[in-house]
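Asker: No letters, just coordinates:
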């Protein structure tokens, strides 16, 4: 269970550019929910993810994870239970290290990074098995540096790496936006498989309305730091892309666009 | 022959320094100017210990630890006080000047009549007469190779992986639930430990501690790393650490040849110009992922 309570967030406080993004923002996400978040640029989607992950901190309000207040907890500590995939495929992997080294690095999350051998030989077959699920042929290129892989391949690896160790929450920040439509479909399908398999509570920000409607069991639409649409389970099932698009247009007209 | 031996000796001593610079410059992507202070730090510690009659071999680990402390300080200034990387190094470099003076006592400590890692009863006992002129070379070769091998082994541990990851992509380290600042401090500590160790060996080879001996150390280190890595860029079976050591020897050879035709005062100018030439020739454009 993830809870955001009375969040206030300002950008550039104290200057002429001061901008209030969240004014008493609240949200509850139950265990096992897969929430798709849509909304126009600047509506606060990524800021919300950053608040949850601890990349930025709120001026006021609290963030609770399973009832425990984590507002003050450092980003890297929170990441013990959170996996995150970014829009930019380069963010989730180390380019100058090999595929095998990247997998070994991710496999050790939550444990000590001490003076033992970096790559455990006994785990290589497991890594190969995981990579072969991707159907990208990466399992035969284990000693290739990740920097030479394509964006889609790197994003697939980033997804594998962030979900390799037991985590409870998965944060997807437009993780298919930088990929071609075919690769994006593949990554999205894989994401859904992993989420179901590991029963992860997921928040997915996306601009692809089809994904938002097809995947997940809850749909949020955000606008100017507020949630303007929140459809759960059956309600969400009944929602079509056209409905969301109509809603989107209404908002835009309100703003005078 | 003597000319070549001197080049090899000096090249191998500076290779230890270059291995340290390789960690900060290449792996951490951190331009660390602490080097100009931690190199004479090792020398100062060595001078202080040897003049008090300590076994010269014990000065090696002590100097390394002194360098580790200096590196940790630079790291803390950068990570905890959020001072920019270049400035953190400059602050420590300046502070270390005074620290070095305190440790050594004066700006110049001669070590001529003392035992050193190159000249002591033990070595005199085991080295045959015919090998006498190679003793220094053999000792520095062993030291440089041992440092290289240990560094290579370390880079393949879990901790080494994390160090490589932090220079490559900090986000990944944070995602692995590790504090990337601490990993950077660790890297700076090891790097400056090696640099200080090089200072220790250098002081014993030159048989003197000189407060200004660190001036330009970073340039020598960077030049060695850049020469080594750009020459062996295409040859994948040569480890980068090996390339760095060879780069250091090549750089010392270039300087030695150049200095023969000029007055000694021109030394620093030659060093700078050579470094510029090397930079322009190799012109490696760093592609940083962000």
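Answerer: All right, it came through fine. These numbers were taken from a predicted model, which means no experiment stands behind them.

Asker: check whether the longest helix anywhere in chain B contacts chain A.
Answerer: For chain B, the longest helix by residue count, based on DSSP state H, is helix B:180-206. Yes: judged by C-beta under 8 Å from any C-beta of the partner chain, helix B:180-206 comes into contact with chain A at residue B:180. Bear in mind the C-beta positions are built from the backbone N, C-alpha and C, glycine included.

Asker: which helices and strands sit right next to that helix?
Answerer: Applying 3 or more C-beta pairs under 8 Å, 6 or more residues apart in numbering or on different chains; DSSP states H and E, we find helix B:180-206 packed against helix B:2-21, helix B:35-51, helix B:56-79, helix B:135-155, helix B:158-168, helix B:170-175.

Asker: Can you tell me which of these is nearest to chain A?
Answerer: With C-beta to the nearest C-beta as the criterion, chain A lies closest to helix B:158-168 of these, at 4.0 Å.

Asker: follow-up on the earlier one: beyond the longest helix of chain B, next helix or strand please.
Answerer: strand B:208-210 (DSSP states H and E).

Asker: Distance from the chain centre to that following strand, please.
Answerer: Relative to the centre of its chain, strand B:208-210 is centred 17 Å away, using C-alpha atoms, centre = their mean, to the nearest Å.

Asker: same question for stretch A:40-56, mean pLDDT?
Answerer: Averaged across stretch A:40-56, pLDDT comes to 91.

Asker: which non-adjacent residue is nearest residue B:73?
Answerer: Leaving aside its sequence neighbours, residue B:73 sits nearest to residue B:92 (C-beta to C-beta, 6 or more residues apart in numbering or on different chains; 5.7 Å).

Asker: What segments of chain A are strands?
Answerer: A:2-11, A:19-29, A:34-39, A:60-65, A:68-69, A:82-85, A:169-173, A:201-205, A:218-223, A:226-232 (DSSP state E).

Asker: Residue B:204 reaches residue B:112, doesn't it?
Answerer: No: counting by C-beta atoms under 8 Å, residue B:204 sits too far from residue B:112 to count as a contact (11.1 Å).

Asker: how about the residues of chain A that lie near chain B?
Answerer: A:74-77, A:79-80, A:83-84, A:86, A:90-97, A:101, A:104-106, A:108-110, A:112-119, A:147, A:161-162.

Asker: Sort out which of those are in helices and list them.
Answerer: Those of the residues of chain A next to chain B lying in helices (DSSP H): A:75-77, A:101, A:104-106, A:161-162.

Asker: And the furthest pair within those residues?
Answerer: A:77 and A:101 (24.5 Å; C-beta to C-beta).

Asker: For these two, indicate the residue with more neighbours.
Answerer: With neighbours defined as other C-beta atoms under 10 Å in any protein chain shown, residue A:77 and residue A:101 compare such that residue A:101 has more, 21 against 15.

Asker: wait, what's in contact with the residue lying closest to the more buried one once chain neighbours are set aside?
Answerer: Ranked by C-beta to C-beta, 6+ apart and with sequence neighbours excluded, the top spatial neighbour of residue A:101 is residue B:161, at 6.1 Å. By C-beta atoms under 8 Å, 6 or more residues apart in numbering or on different chains, the contact list for residue B:161 reads A:97, A:101, A:104-105, A:108, A:113, A:118, B:155.

Asker: how about these, which pair is most distant?
Answerer: Most distant of those, by C-beta to C-beta, are A:108 and B:155, 15.4 Å apart.

Asker: Mind checking which of these two has more residues around it?
Answerer: Comparing residue A:108 with residue B:155 by other C-beta under 10 Å, the one with more neighbours is residue A:108, at 23 against 18.

Asker: right, and that one touches residue B:173 too?
Answerer: No: shown here, residue A:108 and residue B:173 do not form a contact pair, counting by C-beta under 8 Å, at 11.8 Å.

Asker: my guess is residue A:104 meets residue A:123, correct?
Answerer: Yes: Residue A:104 lies in contact with residue A:123 (C-beta under 8 Å); the separation is 7.1 Å.

Asker: So the two - more neighbours on which side?
Answerer: Each of residue A:104 and residue A:123 has its neighbours counted (other C-beta under 10 Å); residue A:104 has more, 20 against 15.

Asker: so what's the more buried one closest to, chain neighbours aside?
Answerer: Using C-beta to C-beta, 6+ apart, the closest residue to residue A:104 is residue A:119 (4.3 Å).

Asker: again, but for residue A:169
Answerer: residue A:82 (4.6 Å).

Asker: burial count for the one you found?
Answerer: 26.

Asker: swap in residue B:115?
Answerer: So residue B:115, with other C-beta under 10 Å, has 18 neighbours.

Asker: what about it, distance to chain A?
Answerer: 33 Å (C-beta to the nearest C-beta, to the nearest Å).

Asker: quick one: contacts for that residue?
Answerer: Residue B:115 makes contacts with B:50, B:55-56, B:121, as judged by C-beta under 8 Å, 6+ apart.

Asker: For my notes, confirm it occurs in a helix.
Answerer: No: Residue B:115: not assigned to a helix; according to DSSP: H, G, I helix; E, B strand; the rest coil it is coil.

Asker: How about the backbone phi and psi for it?
Answerer: Torsion angles at residue B:115 (phi, psi; degrees, to the nearest 10) stand at phi -70, psi 150.

Asker: low-scoring stretches of chain B, by residue?
Answerer: Scanning chain B for pLDDT under 70 picks out B:284-290.

Asker: what does it put close to chain A?
Answerer: B:154, B:156-162, B:164-165, B:168-169, B:171-180, B:289-290.

Asker: Next, count neighbours for residue B:234.
Answerer: 7.

Asker: I meant to write residue A:205 there.
Answerer: For residue A:205, using other C-beta under 10 Å, the count is 24.

Asker: Am I right that it is in contact with residue A:46?
Answerer: Yes: using C-beta under 8 Å, residue A:205 is in contact with residue A:46, at 6.5 Å.

Asker: now what about the one helix or strand residue B:259 maps to, what contacts it?
Answerer: Taking DSSP H and E as the definition, residue B:259 sits inside helix B:240-260. Residues from elsewhere that reach helix B:240-260, judged by C-beta under 8 Å, 6+ apart: B:3, B:6-8, B:10-12, B:14-15, B:17-19, B:22, B:26, B:144, B:148, B:151-152, B:220, B:223-229, B:231-232, B:266-267, B:270-271, B:274, B:278.

Asker: if we go to 6 Å?
Answerer: Here helix B:240-260 makes contact (C-beta atoms under 6 Å, 6 or more residues apart in numbering or on different chains) with B:7, B:10-11, B:14-15, B:18-19, B:22, B:144, B:148, B:151-152, B:223-225, B:227-229, B:232, B:270, B:274.

Asker: Let's have the contacts of residue B:161 in JSON lines, adding distance to residue A:5.
Answerer: Compiled in JSON lines, these are given as follows (distance: C-beta to C-beta, whole Å):
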{"residue": "A:97", "distance to residue A:5": "40"}
{"residue": "A:101", "distance to residue A:5": "41"}
{"residue": "A:104", "distance to residue A:5": "39"}
{"residue": "A:105", "distance to residue A:5": "35"}
{"residue": "A:108", "distance to residue A:5": "34"}
{"residue": "A:113", "distance to residue A:5": "35"}
{"residue": "A:118", "distance to residue A:5": "42"}
{"residue": "B:155", "distance to residue A:5": "45"}
